[in-house]
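> I would like the atomic coordinates for the input below:
(4 chains)
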There are 4 protein chains.
Amino acid sequence: MSKTKLHVGIIGAGRIGRVHTETLAFRVPEAVPLMIADINCEAAEEVAARCGVPHLTEHAEEVLDDPRIDAVLICSPTNTHADLIVQAAEAGKHIFCEKPIDHDLTKIDRALAAVEENGVKLQVGFNRRFDANFARVRKAVASGEIGKPHLLHIISRDPAPPPISYIRVSGGIFLDMTIHDFDMARFLIGEEVEEIYTSAGVMVDPEIGKAGDLDTALIVLRFKNGVIGTIDNSRKAIYGYDQRVEVLGSDGSISTDNCYPNQAVLRTRSAVWQDLPLNFFMERYTESFADELRAFVEAVLQDKPVLVSSIDGRIPVVMALAARKSYDEHRPVRLEEVG
Amino acid sequence: MSKTKLHVGIIGAGRIGRVHTETLAFRVPEAVPLMIADINCEAAEEVAARCGVPHLTEHAEEVLDDPRIDAVLICSPTNTHADLIVQAAEAGKHIFCEKPIDHDLTKIDRALAAVEENGVKLQVGFNRRFDANFARVRKAVASGEIGKPHLLHIISRDPAPPPISYIRVSGGIFLDMTIHDFDMARFLIGEEVEEIYTSAGVMVDPEIGKAGDLDTALIVLRFKNGVIGTIDNSRKAIYGYDQRVEVLGSDGSISTDNCYPNQAVLRTRSAVWQDLPLNFFMERYTESFADELRAFVEAVLQDKPVLVSSIDGRIPVVMALAARKSYDEHRPVRLEEVG
Amino acid sequence: MSKTKLHVGIIGAGRIGRVHTETLAFRVPEAVPLMIADINCEAAEEVAARCGVPHLTEHAEEVLDDPRIDAVLICSPTNTHADLIVQAAEAGKHIFCEKPIDHDLTKIDRALAAVEENGVKLQVGFNRRFDANFARVRKAVASGEIGKPHLLHIISRDPAPPPISYIRVSGGIFLDMTIHDFDMARFLIGEEVEEIYTSAGVMVDPEIGKAGDLDTALIVLRFKNGVIGTIDNSRKAIYGYDQRVEVLGSDGSISTDNCYPNQAVLRTRSAVWQDLPLNFFMERYTESFADELRAFVEAVLQDKPVLVSSIDGRIPVVMALAARKSYDEHRPVRLEEVG
Amino acid sequence: MSKTKLHVGIIGAGRIGRVHTETLAFRVPEAVPLMIADINCEAAEEVAARCGVPHLTEHAEEVLDDPRIDAVLICSPTNTHADLIVQAAEAGKHIFCEKPIDHDLTKIDRALAAVEENGVKLQVGFNRRFDANFARVRKAVASGEIGKPHLLHIISRDPAPPPISYIRVSGGIFLDMTIHDFDMARFLIGEEVEEIYTSAGVMVDPEIGKAGDLDTALIVLRFKNGVIGTIDNSRKAIYGYDQRVEVLGSDGSISTDNCYPNQAVLRTRSAVWQDLPLNFFMERYTESFADELRAFVEAVLQDKPVLVSSIDGRIPVVMALAARKSYDEHRPVRLEEVG
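Predicted coordinates for the structure are as follows:
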């Protein structure tokens, strides 16, 4: 695009829609949030007022139909993502879509085909790639600082499980939570996974089991280049959100610690201690949410490839399906069996 | 004030003026940057364009005369601060002034008298109080988590000395650099210092010595409540900016580590290592610069006391003068001898 | 036993035999090393002289036949362990035997039966249980400090692979190296494993693959109480020996860092760094080698149960066989399939 | 000496005498503890039995008169050190003497003169030089790893004050406690101090003040090469023994953390924490006590210079006297004013 400002429409004024609109309004000078849509009028109004968005609507179609809008942010519920991608692509809008695109590969493929056919850009919201810690690990792997990678560990634990009502529609732990880690694994190693083995259970809350889901999982990834990876997921780390990775390579290793609200260490009569880690993904990943939007705006304005592309939206879903199949059938599952 | 938006004029479009204007424009919804003044037109224009400031001028007076403006940010060179405070106070504007107010106590006292007489608020730009690490230490001391404080250490090292041309007009290391640490000492302990002893030298660059200044200093503070504190200053820590504190109390201690761009640790054939610390005060204190302005805007709009007040602008200057006198006369100096 | 001194015979004057003899001679006042046997006369002589052992012999039988000797330390090659246990048990000697007892379950069972029948004590040399770090983790799990355990991680990496000639007779990575981690897993969780899944490869040295062995492995353990564990093994962590564990439980987690020769941190122009970790198992586990012998001597003298018993010598071998079978058959393997 | 074994007599069977005797008996193969003397018969007997020392006596003279004894360890009360050094030197014995030699410079000088005249070796018990952490810091300074040193910090805090009865005869905090840090300062920088300034108080226990002593001190050292150092002393760090140092140089810094019984980190509902540091100097410095004796035995047997020599026993006492004089006269004091 030869423009210097990107006019953006936001679909969905929920939690993540509000965060993204604030970022565009206050932290990305090249972006202009022009319209926000939500069937919940009040939510849209509140965000629009706060961020100075001049137009608001109940109908996503209005965003898609507005010729002044260059790009859309899809922040609505997951089951609307695929259709909205198709519509946006057909309307010629560039698209930033929250993860996952869908739980169903057929719908994902239809959406990606529409993106392809209409020549628009699609960036998927795997924000963690933009976190300074994980970016540093990727750099170490990509630059050869630690040689050829051999083993990967991802620790990814939530502070508390979501409500059971959410669990029921979440698509299950692998599509809802591990999906970020599947993306992280591919990002860090820079290679595809060919086989997955899952060991998992219900350890946190039996209600999660009754809802047909799991709350604790250990997933083994076998990459095409031979690297072996693990993902450690728990729905409840009582001390708070916990996100760490480690890669061992032929010339060294790199690992990242969890993130804390401050660096203070107290030493008292009973222990040497520090405050609990940042407890909420919005706090932990504040900067990466901003950075992914900056990257999207820049990719569109300068016509560069997006950093998290269509395929990056599809493969983690395949991995999630394989992880579940491995658990169900109690055996390693090759990704090609699933998608 | 019964208003919900604070209209602000900025005097000075240099580095810190630009940072503060961006913060007001993009990160403090309750503030409206209305006018920016700088004798350097281009600087003012650049900032105004970037931040959407509608008015710009070469003359600070224009800011002070504008009745729409509620508060001013004084970001001009130090030697203009005191006069501008007087003028702004007389114009009934609330004032945020960068540190130090002046190097001369008479001028400071005249400025503070004007603030007092005109009933405006004055906040001094000791941003580090708003840093999450130091705020946590203060909380531990204030809340009694570590009992009664006994010993304090402040490590405060710059990555490299400023140009000699700057050194010559800086007022010397104690007024230019240690001034932040004098404020920090008072803030952390919540008590006044009564005596200072300085041991210092020229270890980094002999040119600094030729300019009549020092580049390395160890300052011992004796507080009125008996606490003993030290400040360790170096103009050149080759590994980067280094800012740490420690307080030992009767029931424990609290200390903070330096800040790093990421948490990654590499282990290679030769060492276990991590990237250098954040190297620039703008990166290290990004959030504290924003938080001090948020606090100022809130204090004015809600008519609350500012968190860094007139006296907080005066005492660190007295301490700096005492520190130099101690060095010159090679003996402990009581603050009352100086100011 | 009503004695206050334990008279000990040592069979094998190699590396570990020497270490144990030194410990008995210099660090366990209640023990008297009375005789040392090795077919390599010089080795036995050197150790005897250094440690003041009054008798030495080429024949293990001489140790077993000596009525003054209460207990024997079996530090000879693995393939002699089982027979020596049988002979020692029949001679009524208490036994400390280096790990593993054997690679063959039939031979192990015969040895354990002899121990049982003759009512002697057998302690197996899983020294890492006595390491202060791992003991602290076990304490946290056993005492409920972290609640009910959910997930376990063991990182266990050697600084460099042994010679290929050793690899060929080692029994393979699972029997030679992972065996310590299998013991650690059981020790930390305090429960048995029921199923193992192995993902592994040859990443360090193709010669290891040609010798029929693996050099990098990720092993998933499923405990009877539902806990899921992983073991990360590499024959070559270029930065040195690396031994860490982590347990996540319902009320918290506990983890241990690797061990270093000193705590010094350097900050230079290029990085913040520390010296490499302790590089050799003898340095890393110095104290645990002494502590396991102290515990053995105490158990015998005071007729208390040994802390690492017969079953602890058998089950890790079963786990090693299951791990290999899982790798060979590319599926999770239940321990009952193997032994 | 052309001998391969050093026969040693120990004078004093108190806490430190026992530790040293155990080290000689069990950890220094080249040493033979031949006789132990204490006016308290039972103490001597207990140590002799435990360590296999063949001779014991109530009279130090018997040790000094025994021609089989090559070297003596003086572990008796401080007020006997100087006389025993003179007697031992005149008897031609090499001497290891606990710190301090005496509180009185005249007596120290008489002792050192006797050592000099009789050509015997004297090593003073500043064991901390042999600690792996501090040795690593010294290495960094000596080797130029951190360039030319500029600033030094020593933190040295006891977990709890000794009984008031001990305080009264201790010679005061500077001679009793800081003396180790004075030695450490000289050792780390490898240069002499020329001036000292002390700020101190009674913060821990008013009884200590009534006994004429201080319990909290901050001491500024000015070295001849311009380096500025601080020593932070507290008689009571409630979290335990705390021993750390930091040196900033022109090319970097090096610092050491405190020492802990294990590396485990717990994360629970309320905090991220670890166990308290090692709480007792015997645990903290176990290895350095052994290493200083090994070094002494080696220096004597191989006729090499001792690593902590006569002058190293004298100067810290001068520094202690200067530190107290600085406190009393409230001004910086040059060492030449004192000794």
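> how far is the helix or strand hosting A:Val86 from where the chain is centred?
Per DSSP states H and E: A:Val86 is located in helix A:78-90. Remark: helix A:78-90 is offset 17 Å from the chain centroid, using C-alpha atoms, centre = their mean, to the nearest Å.
> Kindly format the C-alpha coordinates of it as PDB.
Output of helix A:78-90 as PDB, limited to C-alpha atoms (Å, rounded to 0.1, in the frame of the first residue of the first chain):
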ATOM      1  CA  THR A  78     -14.000 -18.400  17.600                       C
ATOM      2  CA  ASN A  79     -16.900 -20.000  15.800                       C
ATOM      3  CA  THR A  80     -17.400 -16.800  13.800                       C
ATOM      4  CA  HIS A  81     -13.700 -16.400  12.700                       C
ATOM      5  CA  ALA A  82     -13.700 -18.600   9.600                       C
ATOM      6  CA  ASP A  83     -16.800 -17.000   8.000                       C
ATOM      7  CA  LEU A  84     -15.600 -13.500   8.800                       C
ATOM      8  CA  ILE A  85     -12.200 -14.300   7.200                       C
ATOM      9  CA  VAL A  86     -14.000 -15.400   4.100                       C
ATOM     10  CA  GLN A  87     -16.200 -12.300   4.000                       C
ATOM     11  CA  ALA A  88     -13.300  -9.900   4.800                       C
ATOM     12  CA  ALA A  89     -11.100 -11.500   2.200                       C
ATOM     13  CA  GLU A  90     -13.800 -11.200  -0.400                       C
END
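> Which strands or helices does that helix pack on?
Helix A:78-90 sits against helix A:60-65, strand A:71-74, strand A:94-97, helix A:105-118, with contacts defined as 3 or more C-beta pairs under 8 Å, 6 or more residues apart in numbering or on different chains; DSSP states H and E. No exception for glycine: its C-beta is placed from N, CA and C like everyone else's.
> Now it: buried residues?
Buried residues in helix A:78-90, defined by neighbour count with 16 or more other C-beta atoms under 10 Å in any protein chain shown: A:78, A:81-89.
> Adding mean pLDDT, write the helices and strands packed on helix A:78-90 out as TSV.
TSV is the format used below for the helices and strands packed on helix A:78-90 (pLDDT from 0 to 100):
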stretch	mean pLDDT
helix A:60-65	96
strand A:71-74	98
strand A:94-97	98
helix A:105-118	98
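> Tabulate these (CSV), appending distance to chain C and mean neighbour count.
Compiled in CSV, those are given as follows (distance: least, C-beta to the nearest C-beta, whole Å; neighbours: other C-beta atoms under 10 Å in any protein chain shown):
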stretch, distance to chain C, mean neighbour count
helix A:60-65, 41, 19
strand A:71-74, 34, 28
strand A:94-97, 32, 28
helix A:105-118, 25, 17
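> Indicate which one of the ones you listed is closest to chain B.
Closest approach to chain B among the helices and strands packed on helix A:78-90 (C-beta to the nearest C-beta): strand A:71-74, 18.5 Å.
> Please, which helix or strand holds the nearest residue to A:Ile69 once chain neighbours are set aside?
Nearest non-adjacent residue to A:Ile69, counting by C-beta to C-beta, 6 or more residues apart in numbering or on different chains: A:Gly9, 4.3 Å away. Using DSSP H and E, A:Gly9 sits within strand A:6-11.
> same for that strand, what does it pack against?
helix A:15-27, strand A:31-37, helix A:60-65, strand A:71-74, helix A:286-301.
> looking at those, which is buried most?
Neighbour counts (mean count of other C-beta atoms under 10 Å in any protein chain shown) averaged over each of those peak at strand A:71-74, with a mean of 28.
> Report how many residues lie close to the residue lying closest to A:Lys99 once chain neighbours are set aside.
By the measure of C-beta to C-beta, 6+ apart, the closest residue to A:Lys99 outside its immediate chain neighbours is A:Gly125, 4.8 Å from it. A:Gly125 is flanked by 25 other residues according to other C-beta atoms under 10 Å in any protein chain shown.
> ok, A:Gly125 - contacts?
A:16, A:96-99, A:292, A:308 (C-beta atoms under 8 Å, 6 or more residues apart in numbering or on different chains).
> Can you tell me which of the residues you listed comes closest to chain B?
A:Glu292 (17.0 Å).
> Surely that closest one is in contact with A:Asp131?
No. A:Glu292 is not in contact with A:Asp131 according to C-beta atoms under 8 Å; the separation is 9.7 Å.
> where does the stretch 1-150 of chain A dip in pLDDT?
A:1-2 (pLDDT under 70).
> What residue in it comes nearest to chain C?
A:His150 (4.7 Å).
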